[in-house]
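Novice: Here is a sequence with its predicted model. Questions after.
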Amino acid sequence: MKNKLKNIFFRQVKGVDNQELLKGGALAFIIKLCGMACNYVFIFLLARMYGATGSGIYSIFQTVFQFFSSFGKLGYDILMVREVARYNALAQWNSIKDLYFKVIRINIIASIIFSVALYFSADWIAAVIFLKPGLTQYFQISALGILPFVLHALHSNCFRGMKNIMVYSFFQHVLSLLIIVLLLCLSYFIIHDRKVPVSIFVIAISISSFISAWFWIKKSPVFQSGTGEKIIFSEKSAIAFSLFLTSFLQVVRGWTDTIFIARYGTEADVGIYKVAFRIATITSLTLTAFLITVAPKISELHAKGEMKRLAMVVQNTTKLIFWTSAPALLLFILMPGFFMNIFGDEFLSGSQVLIILTIGQFISAATGPVGNLLMMTGKQDLNRNIIIGTTLFTVIINSMVIPIYGITGAALVNVAGIFLSNVIPFILIKHYYGFYTFDAKHVFFIRRKGFLKQP
């Protein structure tokens, strides 16, 4: 039966690239869906057990944690996706091994430094930035999770570079969330304290980090003999630094709204806003799923100089993302109150915010893998500059809008930032590579045997 279904699939989908895209994307989507299910179970339990205030505290902790963790990763996790994909295509195992051991040393040192920095600055961050001294202990607990979080991201992305999508997706999107849900359910019968979710996160990411590191050492070609070019680590570090700035600025842009809401509003405001945001991200679920597959594919095709195939893969990816995102867009716009009420009556006030944020997520999904295309084809500096500009824009506008319009203003600024950060690279890709990621004629051409472009 399995072989019969496989043969039907390959007869309907022509071309190795399309088959790889759909197979990897579908697998990543299914695993991502499982991870998202765990995530929403966690959000539901968090909201029901600790209310909007408890959800808000958790979101504030995540904001600070992600900020400091970015300095622990320093962009090397994203670098490994690109470089492992390239060396894997050329079977240069020694190069992967050499780069891996250089990167992990730097990540360990940087993570320890910024864990210590977060622990001792926790009181200042809580009192001065958020005007909420009671948050100090949450930040101090989270400092213990930075090192395992960084190592988990590194090993997961190494598997992504190897195009082992199932392993990457499970480690990145399911494992830690599954552990968190199980521990939170268990805690219901033992203790009710708002520090529990933060502590559970640290425990879960530590367990996940150990498992992903063990699996990489056992299953990767790191310890195999083979050929490989000599690594000039200073060049790799320069690329990683550019990727780090991009990633870091994305974190800043993505969490700036949370910071300003927390400063000028209440923990409950943060909780309502972040629940609406997490529901809205369902719209871009397939975007993140297909990016897992398409990013190393872009790097591989660019390294081989096969730009026509690259354009076909990117446009097919965008078409798939567009049509799989549209149903969620319609549901959340038509029934926002229904989805917000699932988490409790106090979350109903975020219905309008959900509509606004959903539109922003759909813009991101419809433009396709624009940022990944630039980063995976050597234009990471250009992508970084775009992110710098859009980040400055969102920070400045958020500081002006949120104190007056609260979470609704935050949602509008979020959409404006998403629009700029996707439309600008969308136009530049046409300039540099001669094609648009969103080809309207192709996207709206619906025919069973011609849904995807053929090689």
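Specialist: Received, thanks. Numbering: from 1, shown residues only.

Novice: before we move on, which element is the closest residue to residue 210 other than its chain neighbours in?
Specialist: Once flanking residues are discounted, residue 210 sits nearest to residue 148: 7.5 Å by CB to CB, 6 or more residues apart in numbering. C-beta: built from backbone N, CA, C; applies to glycine. Counting by DSSP states H and E, the element that carries residue 148 is helix 146-161.

Novice: Can you spell out which helices and strands pack onto that helix?
Specialist: Identification of packing neighbours for helix 146-161 by 3 or more CB pairs under 8 Å, 6 or more residues apart in numbering; DSSP states H and E yields helix 16-73, helix 76-89, helix 93-124, helix 165-170, helix 196-219, helix 285-304.

Novice: which one of these lies closest to residue 270?
Specialist: helix 16-73 (3.5 Å; CB to CB).

Novice: Centre of the chain to the closest one, how far?
Specialist: Taking CA atoms, centre = their mean, to the nearest Å, one finds helix 16-73 lying 8 Å from the centre of the chain it belongs to.

Novice: ok, residue 359 - contacts?
Specialist: 329, 333, 415 (CB atoms under 8 Å, 6 or more residues apart in numbering).

Novice: Swap in 7 Å and give it another go.
Specialist: Residues near residue 359 by CB atoms under 7 Å, 6 or more residues apart in numbering: residue 415.

Novice: average model confidence for whichever strand or helix holds it?
Specialist: Using DSSP H and E, the element containing residue 359 is helix 351-367. Helix 351-367 carries an average pLDDT of 87.

Novice: C-alpha coordinates for it, CSV please?
Specialist: Output in CSV follows, covering the C-alpha atoms of helix 351-367 (Å, rounded to 0.1, in the frame of the first residue of the first chain):
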residue,chain,number,x,y,z
SER,A,351,-10.7,39.7,18.7
GLN,A,352,-9.9,42.8,16.7
VAL,A,353,-6.2,42.3,17.3
LEU,A,354,-6.5,38.8,16.0
ILE,A,355,-8.0,40.0,12.7
ILE,A,356,-5.2,42.6,12.2
LEU,A,357,-2.4,40.2,13.0
THR,A,358,-3.8,37.5,10.8
ILE,A,359,-3.6,39.9,7.8
GLY,A,360,0.0,40.5,8.6
GLN,A,361,0.8,36.8,8.8
PHE,A,362,-0.9,36.2,5.4
ILE,A,363,1.2,39.0,3.8
SER,A,364,4.3,37.1,5.0
ALA,A,365,3.0,33.8,3.7
ALA,A,366,1.9,35.2,0.3
THR,A,367,5.3,36.7,-0.5
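
Novice: Could you check how far that helix is from the centre of its chain?
Specialist: For helix 351-367 - counting by CA atoms, centre = their mean - the centre lies 16 Å from the chain centre.

Novice: Low-confidence ranges, this structure, go.
Specialist: 1-29, 32, 89-91, 221-229, 284-293, 442-443, 446-455 (pLDDT under 70).

Novice: hang on, the earlier thing: can you list the helices and strands packed on helix 146-161 in TSV and add distance to residue 357 and mean neighbour count?
Specialist: Shown next, in TSV, are the helices and strands packed on helix 146-161 (distance: least, CB to CB, whole Å; neighbours: other CB atoms under 10 Å):
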stretch	distance to residue 357	mean neighbour count
helix 16-73	14	20
helix 76-89	25	24
helix 93-124	28	18
helix 165-170	24	22
helix 196-219	23	19
helix 285-304	14	23
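
Novice: Residue 240 is nearest to which of those?
Specialist: Taking the helices and strands packed on helix 146-161 one by one with CB to CB, helix 76-89 is closest: 4.3 Å.

Novice: element containing the closest residue to residue 357 other than its chain neighbours, please.
Specialist: Closest residue in space to residue 357, ignoring its immediate chain neighbours: residue 280 at 3.8 Å, by CB to CB, 6+ apart. Remark: residue 280 resides in helix 267-280, with elements defined by DSSP H and E.

Novice: wait, isn't the residue nearest to residue 357 in contact with residue 363?
Specialist: No: contact criterion CB atoms under 7 Å: residue 280 and residue 363 do not qualify, at 11.4 Å.

Novice: neighbour-wise, which of those two wins?
Specialist: Shown here are residue 280 and residue 363; by other CB atoms under 10 Å, residue 280 has more neighbours (26 against 17).

Novice: Can you give me every residue that contacts that one?
Specialist: Contacts of residue 280 (CB under 7 Å, 6+ apart): 332, 354, 357-358, 361.

Novice: Any chance of a markdown table for those residues, columns distance to residue 210 and neighbour count?
Specialist: Written out in a markdown table, the entries for the contacts of residue 280 read as follows (distance: CB to CB, whole Å; neighbours: other CB atoms under 10 Å):
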| residue | distance to residue 210 | neighbour count |
| --- | --- | --- |
| 332 | 37 | 25 |
| 354 | 37 | 26 |
| 357 | 35 | 29 |
| 358 | 37 | 29 |
| 361 | 33 | 25 |
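
Novice: Taking those residues, tell me the two that lie furthest apart.
Specialist: Of all pairs in these, the most separated under CB to CB is 354 and 361 at 10.4 Å.

Novice: now the residue lying closest to residue 301 once chain neighbours are set aside: how far from residue 430?
Specialist: Distances taken as CB to CB, 6+ apart put residue 310 closest to residue 301, at 4.3 Å, once the chain neighbours are dropped. Plainly put, residue 310 is 14 Å away from residue 430 if you go by CB to CB, to the nearest Å.

Novice: Which one's more surrounded, the two?
Specialist: residue 310 (24 against 12).

Novice: measure the more buried one to residue 377 for me?
Specialist: 8 Å.

Novice: Overlap in contacts, the two.
Specialist: Joint contacts of residue 310 and residue 377 (CB under 7 Å, 6+ apart) are 298, 302.

Novice: Residues that sit against both of residue 280 and residue 363, list them.
Specialist: Common neighbours of residue 280 and residue 363 (CB under 7 Å, 6+ apart) do not exist.

Novice: picking up where we left off before, tell me the one among the contacts of residue 280 nearest to residue 100.
Specialist: residue 361 (34.1 Å).

Novice: For the residue nearest to the closest one when sequence neighbours are not counted, which residues are in contact?
Specialist: Once flanking residues are discounted, residue 361 sits nearest to residue 283: 4.0 Å by CB to CB, 6+ apart. The neighbours of residue 283, taking CB under 7 Å, 6+ apart as the test, are 325, 328-329, 332, 358, 361-362, 365.
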